[in-house]
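> Got a predicted structure here, sequence first:
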Amino acid sequence: MAGHHAKYDDMEESSGLMMENHRTCSARAGKGKRLWKKVKYQLVEYHCLPGYLRDNEYILGHYRSEWPLKQALLSIFSIHNETLNVWTHLIGFFLFLALTIYTAVKVPKIVDLHSLQHFHGIVKKADLHKLQEELLKCLPSLPSMDMLPSLSSWHVKELLYNCLPERFSSGNHTDGVKEDLADIIAPLMMGPITRWPFFAFLGGAMFCLLASSVCHLLSCHSERMAYIMLRLDYAGIAALISTSFYPPVYYSFMCNPLFCNLYLAFITLLGIATILFSLLPVFQNPEFRTIRASLFFGMGLSGVAPILHKLYLFWGEPEVFHTTGYEILMGALYGIGALVYATRIPERWKPGKFDIAGHSHQLFHILVVAGAYTHYRAGLVYLRWRDLRGC
């Protein structure tokens, strides 16, 4: 009987504990609901993610998972493991937007200023007005100004050489000075060369950077959104790599249409093929990370052929070495970025330590922006070179 009472007391105590736990859980649940209303959407850990959001197992926390579109958009102003992924390329987009406007407005004037500075170094300032008057007497004998763009740069230089005053080939001056003057004036008469390859590169860079930012911002919304955004991201990378070829290929081989069209067609078709391959669903699986990086790295590596060809054709010209140095630096930055992306350094060394800042994808983004800007600097050299030299 005493055992029965003891058993009953134990059951009553257990029931009391259960009730107390229930009250505690209810209190916590009420507090959690109030906190939920305040915070709205909470960040989760890697193991809580649906399969389509699992990409890097070394980033352990601070994930957004299946957030409504509005909240995903507003999260651009909050802290999570994609914040710096979004902003590194969004800032890069605005940088290249500013560079595009600057290039459209200022670059032709900069080239002309550079030419005039060189011109002043050859001719004394006091001679400029006399030279202008003497040229005006001869210029009417030249072909119509409307015909100049259809003539080769070499032909215009020859006409100008014959038109320049004789005093630049006698006395204290030499034929070399006369040739230098013709080399400077001819491109200015013909006007700056076409800019479309350079603007194609700037457009490809802006598309890549903006697509990447949007992808990192909205992929947490749903599986379908993640699929669409990743396709857009891969297309942006292919577009950046492809259009990066346009300025060096066009301006290096503009006087050799066969090679110019051949190289441009090859890289364009390779970019389209890469985009089509990236549409395959299997392409986004984490195990294909190395293949993705290798494919884009291979696209960049295909640029070695036109660079070597350029060096062969123009060996000895300082602009060629200058642009090649920029292109080597750009390739190194892109290559290191792809290597960091594929190996997941440094977060693989200390999982969870680089969730917010410093993980491989952020470093990859920074290197991409740096590489694209390096290529922009090379493009300015190409424009100045061809504006002054022509064919």
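Yep, it's here.
> Give me the below-cutoff pLDDT ranges for the stretch 51-200 of the chain.
Applying pLDDT under 70 to the stretch 51-200 of the chain flags the ranges 108-192.
> repeat that with 50
Scanning the stretch 51-200 of the chain for pLDDT under 50 picks out the ranges 110-113, 115-116, 125-126, 142-151, 170-174.
> Which residue, other than its chain neighbours, is closest to Arg377?
Taking C-beta to C-beta, 6 or more residues apart in numbering as the measure, Arg377 lies nearest to Tyr326, with 5.7 Å between them; neighbours along the chain are not counted. Yep, even glycine has a C-beta here, placed from its N, CA and C like the rest.
> so what's the one you found up against?
Shown here is Tyr326, whose contacts under the criterion C-beta atoms under 8 Å, 6 or more residues apart in numbering are 374-375, 377-378, 381.
> want to try TSV for these, with neighbour count and distance to Gly358 as columns?
As requested, the contacts of Tyr326 are arranged in TSV below (neighbours: other C-beta atoms under 10 Å; distance: C-beta to C-beta, whole Å):
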residue	neighbour count	distance to Gly358
Thr374	20	23
His375	26	26
Arg377	13	27
Ala378	25	29
Val381	18	34
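> With pLDDT as added columns, please give these in a markdown table.
Conversion of those to a markdown table gives the following (pLDDT from 0 to 100):
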| residue | pLDDT |
| --- | --- |
| Thr374 | 96 |
| His375 | 95 |
| Arg377 | 95 |
| Ala378 | 95 |
| Val381 | 93 |
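> What is the nearest of those to Ala98?
For Ala98, the nearest member of these is Arg377. The distance, counting by C-beta to C-beta, is 14.7 Å.
> Can you point out the buried residues in the helix or strand containing that closest one?
Under the criterion DSSP states H and E, the helix or strand holding Arg377 is helix 360-389. Buried residues in helix 360-389, counting neighbours by 16 or more other C-beta atoms under 10 Å, are found at 360-376, 378-389.
> what's the burial count for Arg54?
12 (other C-beta atoms under 10 Å).
> List the contacts of the closest residue to Met229 other than its chain neighbours.
Once its chain neighbours are removed from consideration, Met229 has its nearest residue in Cys215; the separation is 4.0 Å (C-beta to C-beta, 6+ apart). Under the criterion of C-beta under 8 Å, 6+ apart, the contact list for Cys215 reads 229-230, 232-233.
> quick one: which of the residues you listed is nearest to Leu339?
Using C-beta to C-beta, Asp233 is the member of those that sits closest to Leu339, with 18.7 Å.
> and the one helix or strand the closest one maps to, what other elements does it pack with?
Assigned by DSSP H and E, Asp233 belongs to helix 223-253. Contacts of helix 223-253 with other secondary structure elements, assessed using 3 or more C-beta pairs under 8 Å, 6 or more residues apart in numbering; DSSP states H and E, are made with helix 196-218, helix 257-278, helix 289-301, helix 304-314, helix 318-343, helix 360-389.
> Of all those helices, which one is nearest Phe93?
helix 196-218 (4.1 Å).
> how about that closest one: buried residues?
Going through helix 196-218 with 16+ other C-beta under 10 Å, the ones that come out buried are 197-218.
> Before I go, just wanted to say thanks for your time.
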